[in-house]
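**Student:** the following comprises the amino acid sequence and a computationally predicted model.
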Amino acid sequence: MVNIKDFDFAGKKAIVRVDFNVPLNEKGEITDDTRIRGALPTLKKILADGGALILMSHMGKPKGKVNPKLSLGQIAGAVAAALGVSSVKFAPDCADASDAAAALKPGEVLLLENLRFYPEEEGKPVGIDKEDPAFAEAKKEMKVRQTEFAKKLASYADVYVNDAFGTAHRRHASTAVIADFFDADHKMLGMLMEKEVTAIDNVLKNAQHPFTAIIGGSKVSSKLGVIQFLLDKVDNLIIGGGMGYTFIKAQGGHIGESLHEDELMPEALRIMEVAKEKGVNLSLSVATVAGDRFANDANRQVVDIFNIPDGWEGMDASEASLANWKKIIMDSKTILWNGPVGVFEFDNFAHGTGEIAKYVAEATEKGAYSLVGGGDSVAAVNKFGLADKVSYVSTGGGAMLEAIEGKVLPGVAAIVGE
Ligand code: AMP
């Protein structure tokens, strides 16, 4: 496999899959440019070598149709500013950019229009229901069109670089299929991707013990694979936030109006059983800060986790639970954190998540390796200003979750092999 740091891009055109799916305000201005900044090391290296850049990304969910509100043309100026170049050329049709690509000179940058304006990017048939008998045929046909689309994109460049970790768990035209059109010496992971993959490997393959995973967030169902996989890896598994109440109800607790998933109660009990068998210390809340409605200004009271009154719902971690978790986290050598332990978007219920962020930062200062990932946990460390106090903050939500479930990401596999 080629390492991007060793590759000389001089005189080459590189097509780079970036994740420029940045949030925009009503005026089309970027409200958070983290993703653009994340790609800069790769992009600057290619330009500094004397290469030309063809940038491709998706933005939002246009579902295979042109949507001017999701045009990447809006961010061309911001991309130029971030790269420190005088201008970025824009190709308003990503599947018809051969001339623009051919005209590119070393040091120049061409940004392609939103890939997802074409259904071929995601490769899912549009306008046909999964239950429709014709769906299988439509899917087959779309796969053929997806390959053609990927081939077209590939034809613009000499080298393919994938630096979009956020979409690495998808087998899309630009994230995986395109790689088939480049030989092994002309495709590589970008620097952001390399960092992400290494950070996750560090935790899953080279973890120092005690290894603690903190899994919070809203639903057990969305993190089941992760929890099951981690039971084989960790010494401590902290389950907090909305996820926890399914475990409490499954044990016969009274959880009032708290978030839970009845159909996952048997699985929750099984997880507890497996944790016991494997000697994993599974730590649930002991008490919760409950609110009398789902709002920042709800009335609050601290209640025993097994006895949440009717009309009240658990919304934040209590001091008692935090004290248990602090001890576990501070004694850890490896920490993986995914998902807030309360409704941290409401300032009045953000205390627990802020404390967890602090403990993870303190443990990191003491020498632990900490990886924080998955959309909301990243928002949480940012909210508490602790992003640079943990070892690594992953930029990919779904991709990070799939990677810590032990799945091979299609975007990575397309370049490095299975
Ligand atoms: P996830 O995307 O699964 O990581 O879930 C993140 C969401 O879980 C955030 O929006 C939190 O507000 C929410 N959350 C965390 N704890 C609770 C809770 N106790 N009740 C309701 N929602 C929660």
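**Tutor:** Received, thanks.
**Student:** near the ligand, which residues of the stretch 151-300 of the chain show up?
**Tutor:** 216-219, 222, 241-242, 259 (C-beta under 6 Å from any ligand atom). For every residue, glycine as well, the C-beta is placed using N, CA and C.
**Student:** got those as a markdown table, with secondary structure columns?
**Tutor:** Shown next, in a markdown table, are those (DSSP: H, G, I helix; E, B strand; the rest coil):
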| residue | secondary structure |
| --- | --- |
| G216 | coil |
| G217 | coil |
| S218 | coil |
| K219 | coil |
| S222 | helix |
| G241 | helix |
| G242 | helix |
| L259 | coil |
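**Student:** and of those, the nearest to Q146?
**Tutor:** S222 (26.9 Å; C-beta to C-beta).
**Student:** let me see the contact set for that closest one.
**Tutor:** L401 (C-beta atoms under 8 Å, 6 or more residues apart in numbering).
**Student:** from T246, how far out is it?
**Tutor:** Going from S222 to T246 by C-beta to C-beta, to the nearest Å gives 12 Å.
**Student:** in the lengthiest helix in the chain, what counts as buried?
**Tutor:** Using DSSP state H, we find that the single longest helix of the chain is helix 135-155. By neighbour count with 16 or more other C-beta atoms under 10 Å, helix 135-155 contains the buried residues 142, 146-147, 149-150, 152-154.
**Student:** same check, this time on stretch 196-213
**Tutor:** Quick answer for stretch 196-213 (16+ other C-beta under 10 Å): 196-197, 199-200, 202-204, 207, 210-213.
**Student:** can I get those residues in CSV including secondary structure and pLDDT?
**Tutor:** Output for those, formatted as CSV (DSSP: H, G, I helix; E, B strand; the rest coil; pLDDT from 0 to 100):
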residue, secondary structure, pLDDT
E196, helix, 93
V197, helix, 92
A199, helix, 92
I200, helix, 92
N202, helix, 89
V203, helix, 92
L204, helix, 90
A207, coil, 95
P210, coil, 98
F211, strand, 98
T212, strand, 98
A213, strand, 97
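**Student:** could you tell me which of the residues of the stretch 151-300 of the chain next to the ligand count as buried?
**Tutor:** 216-219, 241-242, 259.
**Student:** returning to that earlier point: identify, from the buried residues of stretch 196-213, the entry nearest to the ligand.
**Tutor:** Nearest to the ligand among the buried residues of stretch 196-213, counting by C-beta to the nearest ligand atom, is A213 at 13.4 Å.
**Student:** hmm, the closest one is touching L237, no?
**Tutor:** Yes. With contacts counted by C-beta atoms under 8 Å, A213 reaches L237, the gap being 5.3 Å.
**Student:** residues shared between the contacts of these two?
**Tutor:** Joint contacts of A213 and L237 (C-beta under 8 Å, 6+ apart) are L230.
**Student:** whichever residue of the stretch 151-300 of the chain sits closest to the ligand: what's it in contact with?
**Tutor:** The minimum distance from the stretch 151-300 of the chain to the ligand, using C-beta to the nearest ligand atom, falls at G217 (2.5 Å). By C-beta under 8 Å, 6+ apart, the contact set of G217 is 223, 241-243, 338-340, 374, 376-377.
**Student:** skipping adjacent residues, who's closest to it in space?
**Tutor:** Distances taken as C-beta to C-beta, 6 or more residues apart in numbering put G339 closest to G217, at 2.9 Å, once the chain neighbours are dropped.
**Student:** that neighbour touches K223, doesn't it?
**Tutor:** Yes. At 7.0 Å, G339 counts as touching K223 under the criterion of C-beta under 8 Å.
**Student:** neighbour-wise, which of the two wins?
**Tutor:** Set G339 next to K223 and count neighbours by other C-beta atoms under 10 Å: G339 wins out with 27 against 22.
**Student:** quick one, helices of this protein?
**Tutor:** Going by DSSP H, the chain shows helices at 34-49, 76-83, 98-102, 119-122, 135-155, 191-204, 224-230, 244-250, 265-278, 319-330, 351-365, 375-383, 397-404, 410-416.
**Student:** any idea which of those has the lowest pLDDT on average?
**Tutor:** With a mean of 80, helix 375-383 has the lowest mean pLDDT of the helices of the chain.
**Student:** state the pLDDT value of the residue lying closest to G352 once chain neighbours are set aside.
**Tutor:** Excluding the flanking residues, the one nearest G352 by C-beta to C-beta, 6+ apart is A317, at 2.9 Å. pLDDT recorded at A317 is 98.
**Student:** so what's A317 bridging to?
**Tutor:** T288 (DSSP bridges).
**Student:** ok, now which ones touch it?
**Tutor:** A317 neighbours (C-beta under 8 Å, 6+ apart): 240-241, 285, 288-289, 325, 341-342, 351-353, 355-356.
**Student:** are any of those residues buried, and which?
**Tutor:** Going by neighbour count (16+ other C-beta under 10 Å), those have 240-241, 285, 288-289, 325, 341-342, 351-353, 355-356 buried.
**Student:** out of the residues you listed, who's nearest N21?
**Tutor:** For the buried ones among the contacts of A317, the nearest to N21 is T353 (24.5 Å; C-beta to C-beta).
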